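Q: Turn this into a structure:
(one chain, ligands or ions: 1)
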Amino acid sequence: MKFEENIRKVVPYVAGEQPNKPNMIKLNTNECPYPPAPGVEALAKELDVDSLRLYPDQNTTPLVHALAEYYHVKPEQVFVGVGSDDVLSMAFMTFFNSDKPILFPDVTYSFYDVWADLYRIPYKTCPLDENWHIDPADYRQENGGIIFPNPNAPTGLFEDLSVVEEIIKSNPDVIVIVDEAYIDFGGESALPLLEKYENLLVVQTFSKSRAMAGLRIGFCIGSEKLIRYLNDVKFSFNSYTMNLPAQVLGVEAVKDDAYFKGVTGRIIATRERVKKEMTALGFTFPDSRTNFLFVSHRTVPAEDIFRALRERDIYVRHWNKPRIENCLRITIGTDEQMDQMLAFLKEYLKDRME
Ligand SMILES: *Cc1c(COP(=O)(O)O)cnc(C)c1O
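A: Have a look, this model is predicted:
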(Lines give C-alpha, C1' and ligand atoms only; values in the text may rest on other atoms or scores of the structure.)
Protein backbone atom coordinates (compact mmCIF):
# COMPACT_ATOMS: atom_id res chain seq x y z
CA MET A 1 0.00 0.00 0.00
CA LYS A 2 1.22 3.48 -0.83
CA PHE A 3 0.20 4.86 2.57
CA GLU A 4 2.75 2.54 4.19
CA GLU A 5 5.50 4.87 3.01
CA ASN A 6 4.38 7.59 5.39
CA ILE A 7 3.98 5.50 8.48
CA ARG A 8 6.54 5.66 11.27
CA LYS A 9 7.66 2.08 11.71
CA VAL A 10 9.30 1.05 14.94
CA VAL A 11 10.32 -2.13 16.70
CA PRO A 12 8.77 -1.67 20.14
CA TYR A 13 10.35 -2.32 23.51
CA VAL A 14 9.42 -5.70 24.97
CA ALA A 15 8.76 -5.61 28.70
CA GLY A 16 8.94 -8.68 30.94
CA GLU A 17 5.74 -10.70 30.92
CA GLN A 18 3.04 -9.97 33.51
CA PRO A 19 1.54 -13.39 34.26
CA ASN A 20 -1.12 -13.57 36.94
CA LYS A 21 -1.16 -16.99 38.55
CA PRO A 22 -2.22 -17.51 42.15
CA ASN A 23 0.96 -19.13 43.46
CA MET A 24 3.53 -17.72 41.09
CA ILE A 25 6.81 -16.26 42.26
CA LYS A 26 7.32 -13.20 40.11
CA LEU A 27 10.98 -12.20 39.92
CA ASN A 28 11.12 -10.95 36.33
CA THR A 29 10.46 -7.18 36.32
CA ASN A 30 12.22 -5.85 39.42
CA GLU A 31 9.05 -4.86 41.23
CA CYS A 32 9.10 -4.48 45.00
CA PRO A 33 7.80 -7.53 46.91
CA TYR A 34 6.49 -5.35 49.75
CA PRO A 35 3.47 -3.02 49.67
CA PRO A 36 3.73 0.79 49.38
CA ALA A 37 3.91 2.85 52.60
CA PRO A 38 0.91 2.37 54.96
CA GLY A 39 -0.11 6.02 54.49
CA VAL A 40 -0.55 5.34 50.78
CA GLU A 41 -3.02 2.54 51.47
CA ALA A 42 -5.00 4.68 53.92
CA LEU A 43 -5.17 7.59 51.49
CA ALA A 44 -6.10 5.35 48.55
CA LYS A 45 -9.16 4.20 50.48
CA GLU A 46 -10.24 7.77 51.13
CA LEU A 47 -9.77 9.02 47.59
CA ASP A 48 -12.42 11.64 46.76
CA VAL A 49 -13.94 10.27 43.58
CA ASP A 50 -15.75 13.53 42.83
CA SER A 51 -12.35 15.20 42.38
CA LEU A 52 -11.85 13.02 39.30
CA ARG A 53 -14.33 15.19 37.36
CA LEU A 54 -11.65 17.84 37.03
CA TYR A 55 -8.36 17.83 35.17
CA PRO A 56 -5.40 17.19 37.47
CA ASP A 57 -2.76 19.82 38.28
CA GLN A 58 -0.71 19.89 35.08
CA ASN A 59 2.38 21.03 36.99
CA THR A 60 2.04 18.20 39.57
CA THR A 61 2.93 20.94 42.06
CA PRO A 62 2.59 19.09 45.39
CA LEU A 63 4.65 16.13 44.16
CA VAL A 64 7.33 18.38 42.65
CA HIS A 65 7.54 20.27 45.97
CA ALA A 66 7.67 17.08 48.03
CA LEU A 67 10.54 15.74 45.89
CA ALA A 68 12.39 19.07 45.92
CA GLU A 69 12.25 19.13 49.70
CA TYR A 70 13.30 15.49 50.03
CA TYR A 71 16.30 15.85 47.72
CA HIS A 72 17.26 19.38 48.87
CA VAL A 73 16.87 21.05 45.49
CA LYS A 74 14.62 23.83 44.17
CA PRO A 75 11.16 22.89 42.82
CA GLU A 76 12.32 24.45 39.53
CA GLN A 77 14.87 21.64 39.29
CA VAL A 78 12.31 18.81 39.40
CA PHE A 79 10.31 17.28 36.54
CA VAL A 80 7.74 14.55 37.15
CA GLY A 81 6.41 12.05 34.61
CA VAL A 82 4.35 8.91 34.14
CA GLY A 83 7.05 6.48 35.22
CA SER A 84 10.67 7.18 34.46
CA ASP A 85 10.06 5.71 30.99
CA ASP A 86 7.96 8.81 30.27
CA VAL A 87 10.63 11.08 31.75
CA LEU A 88 13.37 9.37 29.73
CA SER A 89 11.36 9.50 26.53
CA MET A 90 10.75 13.25 27.02
CA ALA A 91 14.44 13.74 27.80
CA PHE A 92 15.50 11.92 24.60
CA MET A 93 13.18 14.16 22.59
CA THR A 94 14.33 17.34 24.34
CA PHE A 95 18.07 16.86 24.68
CA PHE A 96 19.23 14.50 21.94
CA ASN A 97 18.90 16.49 18.72
CA SER A 98 22.39 16.34 17.29
CA ASP A 99 23.55 14.71 14.04
CA LYS A 100 26.28 13.06 16.09
CA PRO A 101 25.41 9.75 17.74
CA ILE A 102 24.36 9.52 21.36
CA LEU A 103 26.36 7.00 23.38
CA PHE A 104 25.27 4.29 25.80
CA PRO A 105 26.65 0.89 26.92
CA ASP A 106 26.16 -2.20 24.72
CA VAL A 107 24.61 -4.08 27.63
CA THR A 108 22.06 -1.78 29.24
CA TYR A 109 18.38 -0.89 29.55
CA SER A 110 16.89 -2.08 26.27
CA PHE A 111 14.55 0.89 25.91
CA TYR A 112 17.36 3.33 24.97
CA ASP A 113 17.83 2.06 21.41
CA VAL A 114 14.03 1.92 20.97
CA TRP A 115 13.62 5.62 21.81
CA ALA A 116 16.62 6.48 19.65
CA ASP A 117 15.01 4.69 16.71
CA LEU A 118 11.59 6.19 17.43
CA TYR A 119 12.95 9.75 17.47
CA ARG A 120 15.52 9.03 14.72
CA ILE A 121 18.44 9.85 16.94
CA PRO A 122 21.70 8.30 15.73
CA TYR A 123 23.38 6.19 18.42
CA LYS A 124 26.47 4.15 19.08
CA THR A 125 27.00 1.63 21.85
CA CYS A 126 30.17 1.39 23.94
CA PRO A 127 31.05 -2.15 25.04
CA LEU A 128 31.23 -2.82 28.76
CA ASP A 129 34.57 -4.38 29.73
CA GLU A 130 34.90 -8.12 30.43
CA ASN A 131 33.81 -7.54 34.04
CA TRP A 132 30.73 -5.60 32.88
CA HIS A 133 32.16 -2.23 33.89
CA ILE A 134 31.81 1.05 31.99
CA ASP A 135 35.11 2.42 30.67
CA PRO A 136 34.86 6.22 30.91
CA ALA A 137 37.48 6.56 28.14
CA ASP A 138 34.85 5.25 25.68
CA TYR A 139 32.83 8.39 26.33
CA ARG A 140 35.54 10.78 25.16
CA GLN A 141 34.63 10.36 21.49
CA GLU A 142 32.45 12.84 19.60
CA ASN A 143 28.81 12.43 20.53
CA GLY A 144 25.40 14.10 20.66
CA GLY A 145 24.60 13.09 24.23
CA ILE A 146 25.15 10.29 26.74
CA ILE A 147 22.88 8.07 28.80
CA PHE A 148 23.64 5.18 31.14
CA PRO A 149 22.01 3.69 34.21
CA ASN A 150 23.91 3.68 37.50
CA PRO A 151 23.76 1.03 38.81
CA ASN A 152 23.58 -0.42 35.31
CA ALA A 153 20.79 -2.79 34.31
CA PRO A 154 20.73 -5.72 33.78
CA THR A 155 24.26 -6.15 35.18
CA GLY A 156 23.46 -4.62 38.59
CA LEU A 157 26.91 -3.03 38.80
CA PHE A 158 27.39 0.38 40.38
CA GLU A 159 30.07 2.69 38.97
CA ASP A 160 31.90 4.87 41.43
CA LEU A 161 30.87 8.53 41.31
CA SER A 162 34.39 9.40 40.14
CA VAL A 163 33.63 7.45 36.93
CA VAL A 164 30.30 9.24 36.53
CA GLU A 165 31.95 12.61 37.10
CA GLU A 166 34.72 11.86 34.61
CA ILE A 167 32.10 11.23 31.92
CA ILE A 168 30.13 14.39 32.73
CA LYS A 169 33.25 16.52 32.99
CA SER A 170 34.69 15.39 29.65
CA ASN A 171 31.37 16.12 27.87
CA PRO A 172 30.43 19.73 28.71
CA ASP A 173 28.85 20.31 25.27
CA VAL A 174 26.16 17.62 25.55
CA ILE A 175 23.57 16.48 28.08
CA VAL A 176 24.55 13.48 30.21
CA ILE A 177 21.60 11.51 31.62
CA VAL A 178 22.20 9.19 34.57
CA ASP A 179 19.31 6.74 34.96
CA GLU A 180 19.20 5.95 38.67
CA ALA A 181 16.26 3.51 38.68
CA TYR A 182 18.11 1.32 41.23
CA ILE A 183 20.06 3.91 43.20
CA ASP A 184 18.17 3.32 46.47
CA PHE A 185 19.55 -0.21 46.87
CA GLY A 186 23.01 0.80 48.06
CA GLY A 187 24.47 3.05 45.36
CA GLU A 188 25.47 6.69 45.70
CA SER A 189 23.42 9.20 43.73
CA ALA A 190 24.99 11.66 41.29
CA LEU A 191 22.65 14.39 42.60
CA PRO A 192 25.44 16.29 44.47
CA LEU A 193 27.24 16.67 41.11
CA LEU A 194 24.42 18.99 40.01
CA GLU A 195 26.14 21.76 41.94
CA LYS A 196 29.08 21.54 39.54
CA TYR A 197 27.55 20.51 36.22
CA GLU A 198 24.68 22.14 34.37
CA ASN A 199 24.63 19.40 31.69
CA LEU A 200 23.65 16.60 34.10
CA LEU A 201 20.16 15.10 34.38
CA VAL A 202 19.46 12.50 37.08
CA VAL A 203 16.40 10.26 36.54
CA GLN A 204 14.73 8.18 39.24
CA THR A 205 11.51 6.20 39.69
CA PHE A 206 8.92 5.13 42.27
CA SER A 207 8.56 1.77 40.51
CA LYS A 208 11.29 -0.20 42.24
CA SER A 209 12.37 1.11 45.63
CA ARG A 210 9.08 2.86 46.44
CA ALA A 211 6.89 -0.13 45.54
CA MET A 212 4.61 1.80 43.18
CA ALA A 213 5.23 0.42 39.68
CA GLY A 214 1.46 0.27 39.15
CA LEU A 215 0.94 4.00 39.70
CA ARG A 216 3.59 5.06 37.16
CA ILE A 217 5.62 7.82 38.80
CA GLY A 218 9.08 8.85 37.66
CA PHE A 219 11.02 12.07 37.99
CA CYS A 220 14.25 13.77 37.12
CA ILE A 221 16.35 16.45 38.73
CA GLY A 222 18.64 18.80 36.85
CA SER A 223 19.56 22.44 36.43
CA GLU A 224 16.64 24.88 36.25
CA LYS A 225 17.50 25.48 32.62
CA LEU A 226 17.24 21.81 31.61
CA ILE A 227 13.98 21.38 33.52
CA ARG A 228 12.51 24.43 31.75
CA TYR A 229 13.35 22.93 28.37
CA LEU A 230 11.83 19.60 29.41
CA ASN A 231 8.62 21.27 30.54
CA ASP A 232 8.36 23.18 27.25
CA VAL A 233 8.47 19.88 25.35
CA LYS A 234 6.11 18.14 27.74
CA PHE A 235 3.53 20.94 27.44
CA SER A 236 3.85 20.75 23.66
CA PHE A 237 3.09 17.06 23.74
CA ASN A 238 0.52 16.24 26.42
CA SER A 239 -0.16 18.57 29.35
CA TYR A 240 -2.16 16.33 31.67
CA THR A 241 0.03 13.27 31.78
CA MET A 242 -0.08 12.43 35.44
CA ASN A 243 -3.42 11.40 36.87
CA LEU A 244 -4.74 12.77 40.14
CA PRO A 245 -4.51 9.58 42.26
CA ALA A 246 -0.86 9.14 41.25
CA GLN A 247 -0.08 12.73 42.24
CA VAL A 248 -1.80 12.44 45.61
CA LEU A 249 -0.45 9.00 46.52
CA GLY A 250 3.03 9.88 45.29
CA VAL A 251 3.26 12.74 47.80
CA GLU A 252 2.18 10.40 50.57
CA ALA A 253 4.87 7.85 49.65
CA VAL A 254 7.63 10.48 49.89
CA LYS A 255 6.49 11.45 53.42
CA ASP A 256 7.24 8.10 55.03
CA ASP A 257 11.02 7.93 54.90
CA ALA A 258 11.32 5.39 57.71
CA TYR A 259 9.17 2.89 55.82
CA PHE A 260 11.10 3.54 52.59
CA LYS A 261 14.45 2.94 54.28
CA GLY A 262 13.04 -0.15 56.00
CA VAL A 263 11.88 -1.72 52.74
CA THR A 264 15.09 -1.01 50.84
CA GLY A 265 17.13 -2.24 53.83
CA ARG A 266 15.22 -5.52 53.88
CA ILE A 267 15.73 -6.05 50.16
CA ILE A 268 19.45 -5.33 50.49
CA ALA A 269 19.74 -7.82 53.38
CA THR A 270 17.91 -10.51 51.37
CA ARG A 271 20.10 -9.78 48.34
CA GLU A 272 23.32 -10.22 50.30
CA ARG A 273 22.13 -13.52 51.76
CA VAL A 274 20.98 -14.79 48.34
CA LYS A 275 24.37 -13.88 46.84
CA LYS A 276 26.05 -16.35 49.21
CA GLU A 277 23.53 -19.10 48.50
CA MET A 278 23.72 -18.61 44.72
CA THR A 279 27.52 -18.80 44.86
CA ALA A 280 27.25 -22.07 46.77
CA LEU A 281 24.99 -23.42 43.98
CA GLY A 282 27.63 -22.69 41.33
CA PHE A 283 26.38 -19.34 40.03
CA THR A 284 28.60 -16.38 39.22
CA PHE A 285 27.43 -12.77 38.98
CA PRO A 286 28.60 -9.18 39.11
CA ASP A 287 28.35 -7.72 42.63
CA SER A 288 24.85 -6.22 42.40
CA ARG A 289 23.87 -3.02 44.18
CA THR A 290 20.30 -3.27 42.89
CA ASN A 291 17.20 -5.31 43.68
CA PHE A 292 18.23 -8.06 41.24
CA LEU A 293 21.09 -10.44 40.49
CA PHE A 294 22.49 -11.05 37.01
CA VAL A 295 23.60 -14.66 37.18
CA SER A 296 25.23 -17.34 35.03
CA HIS A 297 25.70 -20.93 36.09
CA ARG A 298 29.14 -22.49 35.75
CA THR A 299 27.82 -25.52 33.84
CA VAL A 300 24.08 -25.35 33.15
CA PRO A 301 22.86 -23.04 30.33
CA ALA A 302 20.72 -20.08 31.43
CA GLU A 303 17.93 -20.92 29.04
CA ASP A 304 17.49 -24.41 30.56
CA ILE A 305 17.29 -22.93 34.05
CA PHE A 306 14.88 -20.25 32.81
CA ARG A 307 12.52 -22.86 31.36
CA ALA A 308 12.69 -25.11 34.40
CA LEU A 309 11.89 -22.20 36.73
CA ARG A 310 9.06 -21.09 34.49
CA GLU A 311 7.46 -24.54 34.58
CA ARG A 312 7.33 -24.14 38.36
CA ASP A 313 5.71 -20.70 37.96
CA ILE A 314 8.91 -18.99 39.06
CA TYR A 315 9.41 -16.14 36.59
CA VAL A 316 12.83 -14.59 35.97
CA ARG A 317 14.18 -12.69 32.95
CA HIS A 318 16.24 -14.08 30.08
CA TRP A 319 17.27 -12.38 26.83
CA ASN A 320 18.40 -14.00 23.60
CA LYS A 321 20.90 -11.23 22.98
CA PRO A 322 24.64 -11.14 22.27
CA ARG A 323 26.87 -11.32 25.37
CA ILE A 324 24.00 -12.00 27.77
CA GLU A 325 22.28 -15.12 26.40
CA ASN A 326 23.80 -17.21 29.18
CA CYS A 327 22.61 -14.87 31.95
CA LEU A 328 19.41 -14.62 33.98
CA ARG A 329 18.18 -11.54 35.77
CA ILE A 330 16.51 -12.50 39.03
CA THR A 331 14.63 -9.89 41.05
CA ILE A 332 15.11 -9.98 44.83
CA GLY A 333 11.73 -10.93 46.32
CA THR A 334 10.79 -11.69 49.92
CA ASP A 335 12.98 -14.06 51.94
CA GLU A 336 10.32 -16.71 51.57
CA GLN A 337 10.14 -16.35 47.77
CA MET A 338 13.91 -16.52 47.48
CA ASP A 339 14.02 -19.62 49.70
CA GLN A 340 11.50 -21.36 47.46
CA MET A 341 13.51 -20.46 44.38
CA LEU A 342 16.77 -21.59 46.00
CA ALA A 343 15.22 -24.89 47.12
CA PHE A 344 14.03 -25.57 43.59
CA LEU A 345 17.40 -24.66 42.06
CA LYS A 346 19.21 -26.90 44.52
CA GLU A 347 17.13 -29.91 43.50
CA TYR A 348 17.23 -29.06 39.81
CA LEU A 349 20.98 -28.55 39.68
CA LYS A 350 21.77 -31.62 41.77
CA ASP A 351 20.62 -33.91 38.95
CA ARG A 352 22.54 -31.97 36.31
CA MET A 353 25.89 -31.43 37.88
CA GLU A 354 26.98 -35.04 38.58
C1 LIG B 1 12.58 -0.07 35.47
C2 LIG B 1 13.50 0.87 34.76
C3 LIG B 1 13.07 2.09 34.24
C4 LIG B 1 11.63 2.51 34.11
O5 LIG B 1 10.84 2.36 35.14
P6 LIG B 1 9.44 3.10 35.24
O7 LIG B 1 8.56 2.05 35.81
O8 LIG B 1 9.01 3.58 33.90
O9 LIG B 1 9.71 4.22 36.18
C10 LIG B 1 14.00 2.94 33.68
N11 LIG B 1 15.29 2.62 33.62
C12 LIG B 1 15.75 1.45 34.08
C13 LIG B 1 17.19 1.14 33.97
C14 LIG B 1 14.87 0.53 34.66
O15 LIG B 1 15.31 -0.64 35.06
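Q: so who does the residue in the stretch 251-354 of the chain positioned nearest to the ligand touch?
A: With distances taken as CB to the nearest ligand atom, the stretch 251-354 of the chain approaches the ligand most closely at residue 290, which sits 8.4 Å away. Where C-beta positions appear, they are placed from N, C-alpha and C, glycine not excepted. Taking CB atoms under 8 Å, 6 or more residues apart in numbering as the contact definition, residue 290 lies against 30, 151, 153, 156, 182, 185, 187.
Q: With adjacent residues omitted, what lies nearest to the last one?
A: The one in question is residue 187. In space, not counting the residues next to it along the chain, residue 187 is nearest to residue 158; the distance is 4.4 Å by CB to CB, 6 or more residues apart in numbering.
Q: which residues of the stretch 251-354 of the chain score low on pLDDT?
A: 354 (pLDDT under 70).
Q: thinking again about what came up before, for the contacts of residue 290, pick the one with the most neighbours.
A: Per-residue neighbour counts (other CB atoms under 10 Å) across the contacts of residue 290 peak at residue 182, which has 25 neighbours.
Q: one step back: near the residue nearest to residue 187, how many residues? Count them for me, please.
A: By the other CB under 10 Å criterion, the neighbourhood of residue 158 contains 24 residues.
Q: Confirm for me that it is in contact with residue 148.
A: No. Using CB atoms under 8 Å as the test, residue 158 is too far from residue 148 to be in contact (11.6 Å).
Q: Next SSE downstream of the lengthiest helix in the chain?
A: With secondary structure taken from DSSP state H, the chain has its longest helix at helix 257-280. Where DSSP states H and E defines the elements, the next helix or strand beyond helix 257-280 is strand 283-284.
Q: Neighbouring strands - and their directions - for that following strand?
A: If you go by DSSP bridges, strand 283-284 pairs up with strand 292-297 (antiparallel).
Q: Please compute how far the strand it pairs with lies from its chain's middle.
A: How far strand 292-297 lies from its chain's middle: 17 Å, per CA atoms, centre = their mean, to the nearest Å.
Q: likewise stretch 296-308?
A: Using CA atoms, centre = their mean, we find the averaged C-alpha position of stretch 296-308 to lie 25 Å away from the chain's own average C-alpha position.
Q: Quick one: end-to-end distance for that stretch.
A: The first and final residues of stretch 296-308 sit 15 Å from each other (CA to CA, to the nearest Å).
Q: these two touch, right, residue 90 and residue 82?
A: No. With contacts defined as CB under 8 Å, residue 90 does not count as touching residue 82, sitting 9.8 Å away.
Q: Those two: which has the busier surroundings?
A: Just comparing residue 90 and residue 82: by other CB under 10 Å the higher neighbour count belongs to residue 90, 24 against 18.
Q: what helix or strand is that one on?
A: Residue 90 belongs to helix 83-95, assigned by DSSP H and E.
Q: Tell me who's in contact with the residue of the stretch 1-150 of the chain found nearest the ligand.
A: Distances between the stretch 1-150 of the chain and the ligand by CB to the nearest ligand atom are smallest at residue 83, namely 2.9 Å. For residue 83, the contacting residues are 205, 207, 213, 216-218, by CB under 8 Å, 6+ apart.
Q: So for the closest residue to residue 95 other than its chain neighbours, what's the pLDDT?
A: Closest residue in space to residue 95, ignoring its immediate chain neighbours: residue 175 at 4.0 Å, by CB to CB, 6+ apart. pLDDT for residue 175: 98.
Q: Residue 96 is in contact with residue 175, correct?
A: Yes. Counting by CB under 8 Å, residue 175 does reach residue 96; the two are 7.4 Å apart.
Q: Quickly list what's touching both of these two.
A: Taking CB under 8 Å, 6+ apart as the contact criterion, the common neighbours of residue 175 and residue 96 are residue 145.
Q: Enumerate the residues of the stretch 151-300 of the chain near the ligand.
A: Taking CB under 6 Å from any ligand atom, the part of the stretch 151-300 of the chain that reaches the ligand is made up of 153, 179, 181, 205, 207, 213, 218.
Q: Neighbours of residue 62, how many?
A: 15.
Q: Could you verify my assumption that it touches residue 254?
A: No. Residue 62 is not in contact with residue 254 according to CB under 8 Å; the separation is 9.8 Å.
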